[in-house]
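Student: Predicted coordinates and the sequence they were generated for:
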Amino acid sequence: MRFTIYQESRVGGRANNEDRTTYCYSRDALLMVVADGMGGHHYGEIAAQIAVQTLADAFQREARPLLADPFRFLLKGMTNAHHAILDYTARHKLSDTPRTTCVACVVQDNVAYWAHAGDSRLFLMRDGRVMAQTKDHSRIRLLIEEGMITETQAAFHPDRNKIYSCLGSPTPPEIEFSRKTPLDHGDILLLCTDGLWGEISGDMMAVALKGTNLLQTIPMVLNQADAKGGPHRDNLSVVAVRWEDAYVEEASSSISTQTMTQDEVTTRLEEFGRNPAYKSELSESEIEDAIEEIRNAIDKYNPKK
Amino acid sequence: MAQQANQPLPNGHQLEEYTIDRQLSLGGFSIVYLATAPEGRQVAIKEYLPNSLALRSRGEINPVITAEHLGAFRYGMKCFFEEGRALARLSHPNVIRVLNFFRANDTVYMVMEYEHGRTLQEFIQKHQGHISERFIRGVFTRMLNGLREVHSNKLLHLDLKPSNIYLRGDNTPVLIDFGAARQTLITDQPILKPMYTPGFASPEHYGTRKDLGPWSDIYSVGASMYACLAGVAPQAADSRMKKDTLAPAMVRWDGQYSDRLLEIIDWCLNLNHLYRPQSVFALQKALVEAITPPRPKTNPNWLGRFVDKFRNPLR
């Protein structure tokens, strides 16, 4: 596999960032996740963290180096995350469950598989055009499809943020799956939260990103969205990958997974909390992470006989 | 401040899937228990419980950690994680194996393999001064295999001593207790004092500790070998720095052990770290190399012997 990948999450005009992003890859498979914790509910960021963490952990366990069944993996991972959020709610006796949207994409054997719940989107871009995108699970999307309102009206509709499917709500999430989508050289998969697509449409991004180095252009797109949004603009987060044919030598920043061992998985996941570097003592989640890391090391180096 | 001793968990206590059998040892930093795993095998469980920061009174399970100590307690936990991390990555027959790591009772636990045997310390006490050279060479050469693995993971043990070298039933040595193996972390937190054992700690252990390196563990190896011969720990390095009264092994046991072994012990115990073996490999090589005393060559034929006579008329 050869690809260039970039992720970034910005706080926007809000007090805290309730978005989470992650990507992990093994030698033959890649996982990307974006989750948008619900601002209207408490602990939205916890729900988002649980979602990305659950999927990333599952990927680390199961990508050896291929996933047996990507769709099943996505379904299981998102369902598990949903239940993990409910468990968290019960354990901490929260009056209202934290919720999060989730969009996740697996690429292996040059085929992309994705699934989503809520209004975080995935765009597949080819030659500066959007080839495919997820359909938001929002009331406004239903209204548009019924022809009640137009796209332009939707952008200012008071209900534009209401969604009917997400992880962590008392009703089980509606998880929608893509088709198996073969990727061409140069295809871009972009997963983002509404903070980004609300400001800059998918078509605009497709044009802007065409044939560029994502490591440079994604930050520029984010700058633009940051500038366009008002003082109360939402968090904006993105994971984008440019798929590259193995035979073409291009961007030096691209990642080749050919040299990785079968069991190796690389994960890029932001630590929980603002900036762990400023903290001198361990937080709860750092303790959990440390224990998890040690357990992983035990499993890896000293497998039970 | 008087320091209270922590109460161990009661015998028979169910800790996750393990049943506590009894307490094995109590240190300033932790308590070690013997426990039974669900599949029936015995394990050693180390509980992080620094007695200056957390206190478990009689009859209680969760220790009391006051708010003022919570920061330091968590910091020490970081060190405990370092130990766990270090050990989890090491998979070597001469290094103790970590089986599990979990969080319970407001603190953390590390589950390690347990086998019947005894520490080298116990062995030394039992065989006061009657340990064979063969045994010393055998145990230390294999123990150094483990230490080499430790060093190759960019880690120092820093608390090597006979009581941290465990001998299995067949006398295979296993390195245990990596509680001090956290190098740089410790220095900036005064509450958790660096750990070392007088007699086995190198001169670099004292003071600023900036010169610590593989050679520091090697000093401890030398001190442990010395203790095997003497039956007690050698003079502590800090007092040696003031007035060195340690009799060199070469002088003290001349004729009882091979010169090479005694030489190696003195080599390891050099106060200047630059004059010690610089790597475990160098030390190991010295320990296993065959002893071949130099022998003069003699020319076999009569003419050669005749010529030799003229060359060395004194012989």
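Tutor: Perfect, thanks for sending it.

Student: Near chain A, which residues of chain B are found?
Tutor: B:70-71, B:74-75, B:77-78, B:81, B:84-85, B:88-91, B:97-103, B:108 (C-beta under 8 Å from any C-beta of the partner chain). Bear in mind the C-beta positions are built from the backbone N, C-alpha and C, glycine included.

Student: Buried ones among these?
Tutor: Buried residues within the residues of chain B next to chain A, defined by neighbour count using 16 or more other C-beta atoms under 10 Å in any protein chain shown: B:74-75, B:77-78, B:81, B:84-85, B:88-91, B:97-103, B:108.

Student: where does the chain have low pLDDT?
Tutor: You didn't say which chain, so I picked chain A. Residue ranges of chain A with pLDDT under 70: A:39-42, A:245-281, A:304-305.

Student: oops, I was thinking of chain B
Tutor: By pLDDT under 70, the weakly predicted segments of chain B are B:1-5, B:27-28, B:179-195, B:290-300, B:304-305, B:307-309, B:311-315.

Student: Which elements pack onto the longest helix along it?
Tutor: If you go by DSSP state H, chain B has its longest helix at helix B:67-89. Secondary-structure packing of helix B:67-89 (3 or more C-beta pairs under 8 Å, 6 or more residues apart in numbering or on different chains; DSSP states H and E): helix A:284-301, strand B:42-48, strand B:98-104, strand B:107-113.

Student: Which residues does the last one contact?
Tutor: The reference is to strand B:107-113. Residues outside strand B:107-113 that contact it (C-beta atoms under 8 Å, 6 or more residues apart in numbering or on different chains): A:287, A:291, B:15-16, B:18, B:35, B:37, B:43-49, B:54, B:63, B:77, B:80-81, B:83-84, B:87, B:96-103, B:176.

Student: Can you name the element that comes right after it?
Tutor: strand B:117-119 (DSSP states H and E).

Student: That next one pairs with which strands?
Tutor: strand B:165-168 (antiparallel) (DSSP bridges).

Student: quick one: secondary structure of residue A:20?
Tutor: Assigned by DSSP: H, G, I helix; E, B strand; the rest coil, the conformation of residue A:20 is strand.

Student: Would you check how far apart it and residue A:38 are?
Tutor: 12 Å (C-beta to C-beta, to the nearest Å).

Student: what about these two, which has more around it?
Tutor: Shown here are residue A:20 and residue A:38; by other C-beta atoms under 10 Å in any protein chain shown, residue A:20 has more neighbours (29 against 25).

Student: Let's verify residue B:9: helix, strand, or coil?
Tutor: The three-state assignment at residue B:9 reads coil, by three-state DSSP.

Student: Which residue, neighbours along the chain excluded, lies closest to it?
Tutor: Residue nearest to residue B:9 in three dimensions, not counting chain neighbours: residue B:20, with 5.3 Å by C-beta to C-beta, 6 or more residues apart in numbering or on different chains.

Student: Now for that neighbour: which residues touch it?
Tutor: Contacts for residue B:20 were tallied using C-beta under 8 Å, 6+ apart; they are B:9-14, B:33-35, B:45.

Student: Buried ones among the residues you listed?
Tutor: Buried, going by 16+ other C-beta under 10 Å: B:9, B:33-35, B:45, out of the contacts of residue B:20.

Student: Could you list the residues of chain A in contact with chain B?
Tutor: Residues of chain A lying near chain B (C-beta under 8 Å from any C-beta): A:280-282, A:287-288, A:290-291, A:293-295, A:297-298, A:301-302, A:304.

Student: Select only the buried ones of these in ChimeraX?
Tutor: The buried residues among the residues of chain A next to chain B can be selected in ChimeraX (16+ other C-beta under 10 Å) with this line:
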select /A:282,287,290,291,294,295,297,298,302
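
Student: and of the helices and strands packed on helix B:67-89, who's closest to residue A:142?
Tutor: Residue A:142 lies closest to helix A:284-301 among those, at 37.1 Å (C-beta to C-beta).

Student: Can you show me the CA trace of that closest one as PDB?
Tutor: Provided in PDB are the C-alpha atoms of helix A:284-301 (Å, rounded to 0.1, in the frame of the first residue of the first chain):
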ATOM      1  CA  GLU A 284      -7.000   8.700  34.500                       C
ATOM      2  CA  SER A 285      -6.900   8.000  30.800                       C
ATOM      3  CA  GLU A 286      -3.100   8.100  30.800                       C
ATOM      4  CA  ILE A 287      -3.100   5.400  33.400                       C
ATOM      5  CA  GLU A 288      -5.600   3.400  31.300                       C
ATOM      6  CA  ASP A 289      -3.400   3.900  28.200                       C
ATOM      7  CA  ALA A 290      -0.200   2.900  30.100                       C
ATOM      8  CA  ILE A 291      -1.900  -0.300  31.300                       C
ATOM      9  CA  GLU A 292      -3.200  -1.000  27.800                       C
ATOM     10  CA  GLU A 293       0.200  -0.400  26.400                       C
ATOM     11  CA  ILE A 294       1.800  -2.800  28.800                       C
ATOM     12  CA  ARG A 295      -0.800  -5.400  28.200                       C
ATOM     13  CA  ASN A 296      -0.300  -5.100  24.500                       C
ATOM     14  CA  ALA A 297       3.500  -5.500  25.000                       C
ATOM     15  CA  ILE A 298       2.900  -8.600  27.100                       C
ATOM     16  CA  ASP A 299       0.700 -10.100  24.500                       C
ATOM     17  CA  LYS A 300       3.200  -9.200  21.800                       C
ATOM     18  CA  TYR A 301       6.400 -10.300  23.400                       C
END
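
Student: can you pull the contacts of the nearest residue to residue B:237 once chain neighbours are set aside?
Tutor: Distance criterion C-beta to C-beta, 6+ apart; nearest residue to residue B:237, sequence neighbours excluded, is residue B:203 at 4.4 Å. Going by C-beta under 8 Å, 6+ apart, residue B:203 touches B:219, B:237-238, B:240-241, B:271, B:273.

Student: Output the contacting helices and strands for the helix or strand hosting residue B:142.
Tutor: In this assignment (DSSP H and E), residue B:142 forms part of helix B:133-152. Based on contacts counted as 3+ C-beta pairs under 8 Å, 6+ apart, the elements that helix B:133-152 packs against are strand B:165-168, strand B:173-175, helix B:214-230, helix B:259-268, helix B:280-288.

Student: and the last one with helix B:133-152, angle?
Tutor: Orientation check (axes from the mean of the first three to the mean of the last three C-alpha atoms, to 10 degrees): helix B:280-288 against helix B:133-152 gives 170 degrees.

Student: List the contacts of the lengthiest helix in chain A.
Tutor: Assignment by DSSP H gives helix A:70-91 as the longest helix of chain A. Helix A:70-91 is contacted from outside by A:29, A:46-47, A:50-51, A:54-55, A:58-59, A:62, A:67, A:94, A:97-100, A:102, A:104, A:106, A:108, A:113-115, A:117, A:167-168, A:172-173, A:175, A:177, using C-beta under 8 Å, 6+ apart.

Student: returning to that earlier point: find the residues that touch each one of residue A:20 and residue A:38.
Tutor: Counting by C-beta under 8 Å, 6+ apart, the residues touching both residue A:20 and residue A:38 are residue A:100.

Student: list the buried ones in stretch A:153-165?
Tutor: So stretch A:153-165, judged by 16+ other C-beta under 10 Å, has buried residues A:154, A:160-161, A:163-165.

Student: how about the residue in chain A that chain B sits nearest to, what does it touch?
Tutor: Nearest residue of chain A to chain B: residue A:297, at 3.7 Å (C-beta to the nearest C-beta). By C-beta under 8 Å, 6+ apart, residue A:297 lies in contact with B:85, B:88-89.

Student: out of these, which one sits closest to chain A?
Tutor: residue B:88 (3.7 Å).

Student: OK, contacts around that closest one?
Tutor: Taking C-beta under 8 Å, 6+ apart, we find residue B:88 in contact with A:294-295, A:297-298, A:301-302, B:98, B:101.
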